[in-house]
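Undergrad: Kindly generate the corresponding structure for this input.
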Amino acid sequence: MYPDPYIDFLIHFHGDRDYFECHEILEEYWKEAPAEERDPVWVCLIQIAVSLYHQRRGNFKGAERLLAGSLKFMTGNPGRIGKLGLHENRLSTVLSERLQDIRSGKPYESMDLPLADQALENACKNGAEEKGMVWLSDSDLQNHELVHRHMLRDRSGVIEERLSQLASKKKNT
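TA: Down below sits the predicted model:
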């Protein structure tokens, strides 16, 4: 009923709290669709994960901007998040409270997405167990690799793709 990448997103979101991995998983899934068919609901969820990643690192401006964008999407698209097995009203409340925390400069605390679909939650719990994760664990703020993941990743593929696109643009002009 739900795409596997979405379930993987939820497993990481609630298991190891690897928000960077959450972003990577859903962005890759989102980009599989042709540009004109890409569903912005995935961007909303990506923004929630990246907002928490930024808050955990102390980047409150980035966290605020992304979370505000997610809330704006939810307000303008009622029912969309609910179709993904989430309690839409509860999520809106949780995100609004988190946005206030971010604006107040409160340090990061783990946050759960309120799941409404028991079958989805069971699938996620089982997936977390299979990956050796503890479901609804707290984030390990001392884990440098988790907290600063974007600085430690291999960017060579991204750089190669950008250079290739630049070369293609120059060739076509």
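
Undergrad: Gly69 versus Val43, what's the distance?
TA: Plainly put, Val43 is 8 Å away from Gly69 if you go by CB to CB, to the nearest Å. C-beta coordinates here come from the backbone N, C-alpha and C atoms, glycine included.

Undergrad: Pull out the buried residues from the helix or strand that contains Ile46.
TA: Secondary structure from DSSP states H and E places Ile46 in helix 40-57. Buried residues in helix 40-57, defined by neighbour count with 16 or more other CB atoms under 10 Å: 41-57.

Undergrad: just checking, what packs against it?
TA: Of the remaining helices and strands, those touching helix 40-57 by 3 or more CB pairs under 8 Å, 6 or more residues apart in numbering; DSSP states H and E are helix 4-14, helix 19-32, helix 60-76, helix 88-103.

Undergrad: From the rest of the structure, what touches the last one?
TA: This means helix 88-103. Outside helix 88-103, the residues that touch it by CB atoms under 8 Å, 6 or more residues apart in numbering are 48, 51-52, 55, 60, 63-64, 67-68, 70-71, 74-75, 78-79, 81-82, 111-114.

Undergrad: go again using 6 Å as the cut-off
TA: Under the contact criterion CB atoms under 6 Å, 6 or more residues apart in numbering, helix 88-103 has outside partners Gln55, Phe60, Ala63, Glu64, Leu67, Leu71, Met74, Ile81, Gly82, Pro114.
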